[in-house]
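**Q** dropping the sequence and predicted coords here.
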Amino acid sequence: MKRAIALIDANNFYATCERVFDPALWNRPVVVLSNNDGCVVARSAEARKLGIRMAEPYFKVKDLIETHKVAVRSSNYELYGDMSSRIMDVLEEFSPELEVYSIDEAFITIDADDRSNLTEFGKTVRDTVKRHTGITVSVGIAETKTLAKVANHLAKKSEKARFVLDLTESPHQEIALERTPVGEVWGIGRQHAAMLKSYGVNTALDLRNCDDQWIRRKMHITGLRTVHELRGIQCVELGASPNPKRSVIVSRSFGEPVSTLDELRAAISYYITRAGEKLRKRRLVAAALTVFAKTSRFNVDDHDRYSGIATESLVMATDSTLELMQSAQRILPGLYRPGYRYKSAGVILTGLSSMTGTSLRLWDSDKYERERLLMSAIDGLNARHGQDTVRCGLHDNEGKWASRLGLRSPRYTTKWDEIMRVR
Amino acid sequence: MHLNIGKSTFLKELNLLQGVVEKKSTIPILSNLLIEARDGGLWIKGTDLDVSITTWCPAEVRKEGSVCIQAKKLFEIVRALPESEIELKRADNEQQVSLVCERSKFKMPATATDNFPVIPDFQGDFTTIQSDLLRTFINRTIFAITNEESRYSLNGAKFEITDQSVRMVATDGHRLSFIEKKGKFGDLKLDVLIPKKTLAELSKLSADSEDSFEFGHDENHLFFKVGKRVLTSRTLSGQFPNYELVLPKDNVNSVGIESARVASAIRRVSLMADERSHAIKFDLGENQINITSQAAEQGEAVEHLPVEYSGPEISVGFNAQYLLDFFGVVQEGDVRFEFKDGNSQAQLRPANEADFDFRYIIMPMRL
């Protein structure tokens, strides 16, 4: 049986989510800002054409935005996450094998024998997702995941493809690879791209035609897998993405700088709460916790700049917010220096492993199991009634550290009191 | 300083000291050995500030003196020399030590001895501990000590001497190894935590000698003396968890099986276990244990072992590596698996061992 792989990628996902529920945005350029309204993290096609670049600080493009009446939204991750899961639900109907690759991307497998026209299949997927969720997606189809990435990339760019491109056994495959810079090939990082370019390997086609022995010497087995994938030989299975989750990071810049240990403590507790939720959602436990806090890097005077970071190996790998919280409260006083105005902070959980496959604890096993039940109950309540309906008592979400979200759209799909009203 | 010493005599002592000396210490003097020529022989000292070894070997001392020499380089040089006599010499006020053996000649930098740490001395009365007892105790507990340095009080084994017995216990929080020998060991009463590195070095010292150990301790240090060799160690501070709480009392579902047979079955089945968790499953049913494993995208394995068992059916997951650690030290005879149920700690122990009470307690795994 022949098998093809499709990569479905939502177009300008965050901006499109905003548009789905707000018709006033339909014919306007839209940008979405990062946490605390710092930088541009998503743009509609119109905003892109105006020259607004990704990751550009908001204050730098504010004039441009006002001149062209660009709609600005703070990020609304709850809405984007919910819309993402709706898209994935739709995609699951098209294939039993689905790999959610990121919030706006998924791979599915297609039985290529049954699909005489894969382009038509791609169009059906695109139309169905649009009809069910309001989100526009691009579909790239090819023999391997790496080629499907190339196909998807070109499906967005090519006017002829109109967001669906099938490269399986296609005479256009070589042209597609030739038009793809080597640095844009899936799995080729910045360092490998620079190395390849120094040897005259500039495009995906050049890479595909490289000698196997040379690639193996320069880029080891993972590089060779990428080259084989470009040749249409499946080396990366669905669900076996090259970068399994190694850490959970929650960090934010503060709405206003904070100076006291208590304020930092409240912020860190909030981040620990979010990190704990992420761990449990992925059924992971963490073996180490890192906490950091920084002043603004734009402070002119060296004496006003400080960055503190500290790590603690946890006594037992855990997914309990309470245990993570205790560890964070032990770490924080060690890195805190009075007299500084802290602008950002965060927590990093590392040493991740699956909850399934961990040995139970000899001591305090019952206590930990009770805490897990408590966490599960809290997660359930918060999922039903909204984030932080039940929370640990160390943060109130209203300190100076809380991010600015003044431009956030309503959380239409996850909050009863923010649901769209039809007059 | 000027002396002559036989290569093999010198090498044997240098070899013992290699484990103590830190290869990459932040304090440069700690990568050196302090060598003192006196008392008709050569005193050699090495330390990492937590564990120290002082040893002596006979040598022809032509002029007394002392010097610090880079430990690893000295060991490598002596190991490479022919079986012959070595002449070690340092002229007064010279910054180099010369080492001559037959036609080979080496010069090494000599470091001042003033900065070498003072190794604590024990002035009290020593108590005798059988070398083979200590060796067995260490061998059967050291593998259960945690590798996590942050769990300070678990970075060693608890060593207890009471009126009735001597015990050693080690744990990493998921499994625990307990060994006890009944009897009275002089008037000594003891309850200390011995660091893992000390145990490893003691194990080497005891392997090299059938003599008994002389043991002494003060508030912060332990002293183990065998012949002219003295190992000095800091004790670990901190609260070792209450291990008696987790020793099972009602694991009434018991099954006996030949150690080698079950160990080889576990080894085979674990080939298909998940590479990170090493999870395998025991299904205990009437007169049979089924051991299974499965790893995503790898496959699965199953092995059936006939046993005498008529208790309730029990399914329980284990880390295969934890089990193999136990079978690494109990390679012969029968062992008993004792269960309560699939969620409580299991206990393993040799079935017919009269000398020691050795128990290995292991928590099940989430499957």
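**A** Thanks, I have it. Numbering: from 1, shown residues only, chains lettered A, B, ... in the order given.

**Q** can you list the strands that the host helix or strand of residue B:97 pairs with?
**A** Residue B:97 is part of strand B:96-101, with elements assigned from DSSP states H and E. Applying DSSP bridges, strand B:96-101 is found paired with strand B:85-89 (antiparallel), strand B:104-109 (antiparallel).

**Q** in that strand, what counts as buried?
**A** Buried residues in strand B:96-101, counted by 16 or more other CB atoms under 10 Å in any protein chain shown: B:97-101. Any C-beta I mention is one placed from the backbone N, CA and C, and that applies to glycine too.

**Q** possible to save the residues you listed as a markdown table with distance to residue B:281 and pLDDT?
**A** A markdown table is the format used below for the buried residues of strand B:96-101 (distance: CB to CB, whole Å; pLDDT from 0 to 100):
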| residue | distance to residue B:281 | pLDDT |
| --- | --- | --- |
| B:97 | 60 | 93 |
| B:98 | 64 | 94 |
| B:99 | 59 | 95 |
| B:100 | 64 | 95 |
| B:101 | 59 | 94 |
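
**Q** for these, which two are the farthest from each other?
**A** B:97 and B:101 (13.3 Å; CB to CB).

**Q** residue B:102: neighbour count?
**A** Residues within reach of residue B:102, counting by other CB atoms under 10 Å in any protein chain shown, total 12.

**Q** once you drop chain neighbours, what's closest to it?
**A** Distances taken as CB to CB, 6 or more residues apart in numbering or on different chains put residue B:84 closest to residue B:102, at 5.2 Å, once the chain neighbours are dropped.

**Q** kindly report the same for residue B:117.
**A** According to CB to CB, 6+ apart, the nearest residue to residue B:117 is residue B:47 (5.7 Å).

**Q** try residue B:128
**A** residue B:212 (4.9 Å).

**Q** count of residues packed around the one you found?
**A** Counted with other CB under 10 Å, residue B:212 comes out at 18.

**Q** how about it, phi and psi?
**A** Main-chain dihedrals, residue B:212, degrees, to the nearest 10: phi -70, psi 160.

**Q** for residue B:365, same thing?
**A** The phi/psi pair for residue B:365 (degrees, to the nearest 10) is phi -110, psi 150.

**Q** one more: residue A:328?
**A** Torsion angles, degrees, to the nearest 10, at residue A:328: phi -60, psi -40.

**Q** before we move on, the earlier item: thought the residue nearest to residue B:102 was touching residue B:101?
**A** Yes - counting by CB atoms under 8 Å, residue B:84 does reach residue B:101; the two are 5.5 Å apart.

**Q** what residues does chain B put near chain A?
**A** B:148-151, B:171, B:173-176, B:241-242, B:245-246, B:274, B:276-277, B:279, B:297, B:318-319, B:322, B:343, B:345, B:361-367 (CB under 8 Å from any CB of the partner chain).

**Q** again, only using 6 Å
**A** B:148, B:150-151, B:173-174, B:241, B:246, B:274, B:277, B:279, B:319, B:363-366 (CB under 6 Å from any CB of the partner chain).

**Q** quick one on the thing from earlier: tell me which of the strands paired with strand B:96-101 sits most buried.
**A** strand B:85-89 (a mean of 20; mean count of other CB atoms under 10 Å in any protein chain shown).

**Q** just the CA trace of that one, in PDB.
**A** C-alpha atoms of strand B:85-89 as PDB (Å, rounded to 0.1, in the frame of the first residue of the first chain):
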ATOM      1  CA  GLU B  85      63.500  -0.500  41.400                       C
ATOM      2  CA  ILE B  86      62.500   3.100  41.200                       C
ATOM      3  CA  GLU B  87      64.700   6.000  42.500                       C
ATOM      4  CA  LEU B  88      62.700   9.000  43.600                       C
ATOM      5  CA  LYS B  89      64.700  12.100  44.400                       C
END
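
**Q** check the offset of that strand from the chain's centre.
**A** 33 Å (CA atoms, centre = their mean, to the nearest Å).

**Q** contacts for it?
**A** Strand B:85-89 has contacts (CB atoms under 6 Å, 6 or more residues apart in numbering or on different chains) with B:2-7, B:98-101.

**Q** would you say residue A:40 is within a helix?
**A** No - if the criterion is DSSP: H, G, I helix; E, B strand; the rest coil, then residue A:40 is strand and not within a helix.

**Q** if I look at it, how far off is residue A:16?
**A** 15 Å (CB to CB, to the nearest Å).

**Q** same deal with residue A:3?
**A** For residue A:3 relative to residue A:16 (CB to CB), the value is 30 Å.

**Q** just residue A:205 next, same as before
**A** Taking CB to CB, one finds residue A:205 at 32 Å from residue A:16.

**Q** what's the burial count for the residue nearest to residue B:117?
**A** Residue B:47: 23 surrounding residues under other CB under 10 Å.

**Q** poorly predicted segments of chain B, please.
**A** Chain B contains no residues with pLDDT under 70.

**Q** ugh, wrong one, I meant the stretch 51-200 of chain A
**A** Using pLDDT under 70, the stretch 51-200 of chain A drops low at A:113-116.

**Q** I'd assumed residue A:272 was in a helix, is it?
**A** Yes - assigned with three-state DSSP, residue A:272 falls within a helix.

**Q** hmm, residue A:326 and it touching each other?
**A** No - using CB atoms under 6 Å as the test, residue A:272 is too far from residue A:326 to be in contact (9.7 Å).

**Q** which parts of the helix or strand harbouring residue A:148 are buried?
**A** Per DSSP H and E, residue A:148 falls inside helix A:145-157. Buried residues in helix A:145-157, counted by 16+ other CB under 10 Å: A:145-156.

**Q** residue in the stretch 201-350 of chain B with the shortest distance to chain A?
**A** Proximity of the stretch 201-350 of chain B to chain A (CB to the nearest CB) peaks at residue B:277, 2.8 Å away.

**Q** SS state for that residue?
**A** coil.

**Q** can you name the residue of chain A nearest chain B?
**A** For chain A, CB to the nearest CB, closest residue to chain B: residue A:357, 2.8 Å.

**Q** what sits against that residue?
**A** B:274, B:277, B:279.

**Q** isn't the last one up against residue B:320?
**A** No - here residue B:279 lies out of contact with residue B:320, judged by CB under 6 Å, at a distance of 7.4 Å.

**Q** pull up the overlap in contacts between the two.
**A** residue B:273.

**Q** of residue A:205 and residue A:16, which one has the most company?
**A** With neighbours defined as other CB under 10 Å, residue A:205 and residue A:16 compare such that residue A:16 has more, 24 against 18.

**Q** just confirm residue A:193 is within a strand.
**A** No - assessed with three-state DSSP, residue A:193 is helix; it does not lie in a strand.

**Q** setting aside sequence neighbours, what's the nearest residue to it?
**A** residue A:183 (3.5 Å).

**Q** neighbours of the one you found, how many?
**A** 16.

**Q** can you classify it as helix, strand or coil?
**A** With three-state DSSP as the criterion, residue A:183 reads helix.

**Q** where do the helices sit along the stretch 201-350 of chain A?
**A** A:204-208, A:212-230, A:261-281, A:321-335 (DSSP state H, counting those that start in this stretch).

**Q** need the contact partners of the longest one.
**A** Just to be clear, that refers to helix A:261-281. In contact with helix A:261-281 (CB under 6 Å, 6+ apart) are residues A:248, A:250, A:291, A:293, A:319, A:321, A:324-325, A:328, A:332, A:336, A:345-347, A:349, A:394-395, A:399, A:401.

**Q** drop anything exposed from those.
**A** A:248, A:250, A:291, A:293, A:319, A:321, A:324-325, A:328, A:332, A:336, A:345-347, A:349, A:394-395, A:399, A:401.

**Q** list the contacts for residue B:4?
**A** Residue B:4 neighbours (CB under 6 Å, 6+ apart): B:60, B:85, B:87.

**Q** let's go with 8 Å and repeat that
**A** Residue B:4 makes contact with B:59-60, B:62, B:85-88 under the criterion CB atoms under 8 Å, 6 or more residues apart in numbering or on different chains.
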